[in-house]
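S.K.: Take this sequence and fold it.
(one chain, ligands or ions: 1)
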Amino acid sequence: MGKKRKRAPEKRSIHPRNKYSDNPPDFTLLASLYPSFQPYVFYSREGKPKIDWKDFNATRELTRVLLLHDHSITWWIPDGQLCPTVPNRSNYIHWIEDLLSSDIIPNYHGDNNIIKGFDIGTGANCIYPLLGASLLGWSFVGSDVTDVALEWAEKNVKNNPQISKLIEIRKVDIEEELTNQNTNDGGSYTGPPILLGVVKNNEKFDFCICNPPFFETMDEAGLNPNTSCGGTPAEMVCPGGEQAFISRMIQDSVQLKQSFRWYTSMVGKKSNLKSLISKLREVGVTVVKTTEFVQGQTSRWGIAWSFIPPTKKIISSHVASKNVLTFMLEGIQRQFSAFHVLQSVESFFKGSGASCKLNAALFYIDVISNDLHFRVTVFEQIPGTLLVRGSLKPGETIVPGLLSSVFLQLEDALRKEFCPEKVSTHISNSNHQ
Ligand SMILES: C[S@@+](CC[C@H](N)C(=O)[O-])C[C@H]1O[C@@H](n2cnc3c(N)ncnc32)[C@H](O)[C@@H]1O
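M.R.: Residues are numbered from 1 along each chain as shown. So this is what the prediction gives:
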């Protein structure tokens, strides 16, 4: 009663392949190695090293030394420009890496096997191309509209000759005539071109990545008093905010279709996710994926879509209905993550004597019992909604109806534990993952 709910540990938010997932930045070590960082580090009464997150110079210096120390990247931005936090931006890169390596849509590698990304609004910091190229060898086109962003993104690329050949900085032609299509969501985007008119004829990309201007006004942008990451109006604000910006991306993607394997964007407000997903379904995308990035005190979401027919379509409906079963868990309470659900799936099967092998990074469990050998995978649809999929190992045959009876029991148990008030929905062989 009246008890404060315990904060979930921050670690659950960090992607398992993120460099900082087990080793958060060590301020004492960095201060000893980089004297320019030393003045920004102070110690709490318990002797814990800290920096003042409200001090722009401190956050910029931290980003500079982290990029240098952990990624061998030489980097700088002028005063007031948006300063990225390296662990958070790395999460988005790793999520894209997961999408590209998954079998949701057929895997395909273009020229020279080099993954090619398009960073919409790369900013002066050019963070996604720098991280993607240094961590994973990806190549990028990074676009932007402001002179300061273009000038400093170029500088940041040139100062890193080891990866500079992988990154092109592209100016968006703001004179390019806009079609001014209505976004049908109460706000119409009236800014410069985003993808159409910037992507060249016949260009192909594996993905686009985007941290859009989230806000409609600078007042709205300044709502977090606990950090100072900078950010000018050109970086933070656009008419209609992120809803209008991402809606325009969706409209552009309808024209560009399979020129990109995956279209992705960060979403700042959860309330925008639902209508963006509906919009995507309306325009006939084949797949929608979402994820949550928990960043210290704040959450952001990732949304991804594709027009490429999903791999699952290859499975005939007869085989799918027998060998693949799915159900949705909706209204999951906030303190539970997909990982908690996965753990419960494990206990459920272990409790009946099966042996289980859990893969926490890819969110699946292989279950082996006398009669059955199958995989249960948990996919996050939107925050609070999970899709649970059970699939027989290829070539496995079982007594008709056995998998579906086991699955009904599993669904019942999970529903009771995680969303007692909601009814879950069975969907077999759904394309909207
Ligand atoms: C929130 S900042 C993101 C900067 C950087 N990618 C990051 O994550 O820190 C948004 C960027 O989008 C740029 N921008 C706004 N409209 C754009 C458009 N139509 N095309 C390309 N960039 C745009 C802004 O100039 C700004 O640099």
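S.K.: use CA for all of it now, contacts and neighbours both
M.R.: Will do.
S.K.: The ligand contacts on the protein?
M.R.: Residues of the chain lying near the ligand by CA under 6 Å from any ligand atom: 82, 84, 120-123, 143-146, 149, 172, 192-194, 211-213, 234-236.
S.K.: Got a PyMOL select line for the buried ones in those residues?
M.R.: This is the PyMOL syntax for the buried subset of those, where burial follows 16 or more other CA atoms under 10 Å:
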select buried, resi 82+84+120+121+122+123+143+144+145+146+149+172+192+193+194+211+212+213+235+236
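S.K.: Rounded mean pLDDT for stretch 407-427, please.
M.R.: Averaged over stretch 407-427, pLDDT sits at 68.
S.K.: Please apply the same query to stretch 237-245.
M.R.: Confidence for stretch 237-245, expressed as mean pLDDT, is 87.
S.K.: and it, how far apart are its ends?
M.R.: Taking CA to CA, to the nearest Å, stretch 237-245 runs 10 Å from one end to the other.
S.K.: So what's the gap between that stretch and the chain middle?
M.R.: Taking CA atoms, centre = their mean, to the nearest Å, one finds stretch 237-245 lying 19 Å from the centre of the chain it belongs to.
S.K.: so where is the stretch 251-400 of the chain shaky, pLDDT-wise?
M.R.: Residue ranges of the stretch 251-400 of the chain with pLDDT under 70: 295-298, 312-322, 370-372, 381, 395-400.
S.K.: at 50 instead, please
M.R.: The stretch 251-400 of the chain contains residues with pLDDT under 50 at 313-321.
S.K.: Which residues does the residue of it found nearest the ligand form beta bridges with?
M.R.: The ligand sits closest to Met266 of the stretch 251-400 of the chain, with a gap of 9.1 Å, by CA to the nearest ligand atom. Assessed by DSSP bridges, Met266 has beta-bridge partners Gly302.
S.K.: residues touching it, list them.
M.R.: Listed by CA atoms under 8 Å, 6 or more residues apart in numbering, the contact partners of Met266 are 209-212, 300-303.
S.K.: repeat for Ser164
M.R.: The neighbours of Ser164, taking CA under 8 Å, 6+ apart as the test, are 157-158.
S.K.: Quick check: the gap between it and the ligand.
M.R.: As judged by CA to the nearest ligand atom, to the nearest Å, Ser164 and the ligand stand 17 Å apart.
S.K.: Check that residue and give its pLDDT.
M.R.: 98.
S.K.: for it, phi and psi?
M.R.: When read as degrees, to the nearest 10, the backbone of Ser164 gives phi -60, psi -30.
S.K.: With Phe37 instead?
M.R.: Per degrees, to the nearest 10, the backbone of Phe37 is at phi -90, psi -20.
S.K.: my read: it touches Glu61, true?
M.R.: Yes. Here Phe37 reaches Glu61: they are 6.1 Å apart, a contact under CA atoms under 8 Å.
S.K.: Between these two, which is the more surrounded one?
M.R.: More neighbours surround Phe37 than the other of Phe37 and Glu61, with 22 against 19 (other CA atoms under 10 Å).
S.K.: Excluding sequence neighbours, find me the nearest residue to the more buried one.
M.R.: Nearest non-adjacent residue to Phe37, counting by CA to CA, 6 or more residues apart in numbering: Ala31, 5.3 Å away.
S.K.: Just to be sure, Val198 is in a strand?
M.R.: No. Using DSSP: H, G, I helix; E, B strand; the rest coil, the assignment for Val198 is coil, not a strand.
S.K.: Tell me how many other residues surround it.
M.R.: Neighbour count for Val198, taken as other CA under 10 Å: 17.
S.K.: For it, which residues are in contact?
M.R.: Neighbour list for Val198: 172-173 [criterion: CA under 8 Å, 6+ apart].
S.K.: What distance do you get for it to Ile382?
M.R.: 30 Å.
S.K.: same deal with Ala58?
M.R.: For Ala58, the distance to Ile382 (CA to CA) stands at 34 Å.
S.K.: Asn107 against Asn113, yeah?
M.R.: No. The pair Asn107 / Asn113 is not scored as a contact, 11.4 Å apart, by CA under 8 Å.
S.K.: who's more crowded, those two?
M.R.: Applying other CA under 10 Å to Asn107 and Asn113 shows that Asn107 carries more neighbours, namely 12 against 9.
S.K.: okay, that one: pLDDT?
M.R.: On the pLDDT scale, Asn107 gets 77.
S.K.: Would you agree it falls within a strand?
M.R.: No. Assessed with three-state DSSP, Asn107 is coil; it does not lie in a strand.
S.K.: Now for it: which residues touch it?
M.R.: Each residue near Asn107 by CA under 8 Å, 6+ apart is listed here: 100-101.
S.K.: quick one: what helix or strand has His94 in it?
M.R.: Element membership for His94 (DSSP states H and E) is helix 86-101.
S.K.: For the helix or strand that comes right after that helix, report the contacting residues that lie outside it.
M.R.: Using DSSP H and E, the helix or strand that follows helix 86-101 towards the C-terminus is strand 116-120. Strand 116-120 is contacted by residues 128-129, 138-144, 194-195, 204-212 when judged by CA under 8 Å, 6+ apart.
S.K.: what angle separates strand 116-120 from helix 86-101?
M.R.: Strand 116-120 runs at 130 degrees relative to helix 86-101, counting by axes from the mean of the first three to the mean of the last three CA atoms, to 10 degrees.
S.K.: In the stretch 151-300 of the chain, what residue lies closest to the ligand?
M.R.: Glu235 (3.7 Å).
S.K.: Go ahead and confirm that residue touches Gly123.
M.R.: Yes. Under the criterion of CA under 8 Å, Glu235 is in contact with Gly123, at a separation of 7.4 Å.
S.K.: Contacts only, for Val376.
M.R.: Shown in contact with Val376 (CA under 8 Å, 6+ apart): 364-367, 388-391.
S.K.: host element of Ser344?
M.R.: helix 338-351.
S.K.: Just the buried residues of that helix, please?
M.R.: The neighbour-count check on helix 338-351 (16+ other CA under 10 Å) flags 338, 341-342, 344-346, 348-349 as buried.
S.K.: try stretch 351-363
M.R.: 354-356, 358, 363.
S.K.: The residue nearest to Phe37 and Val41 touch, don't they?
M.R.: Yes. Counting by CA under 8 Å, Ala31 touches Val41, with 7.1 Å between them.
S.K.: SS state for Val254?
M.R.: Of the three states, Val254 takes helix under three-state DSSP.
S.K.: May I have the residues that are in contact with it?
M.R.: Neighbours of Val254 in contact, by CA under 8 Å, 6+ apart: Val283.
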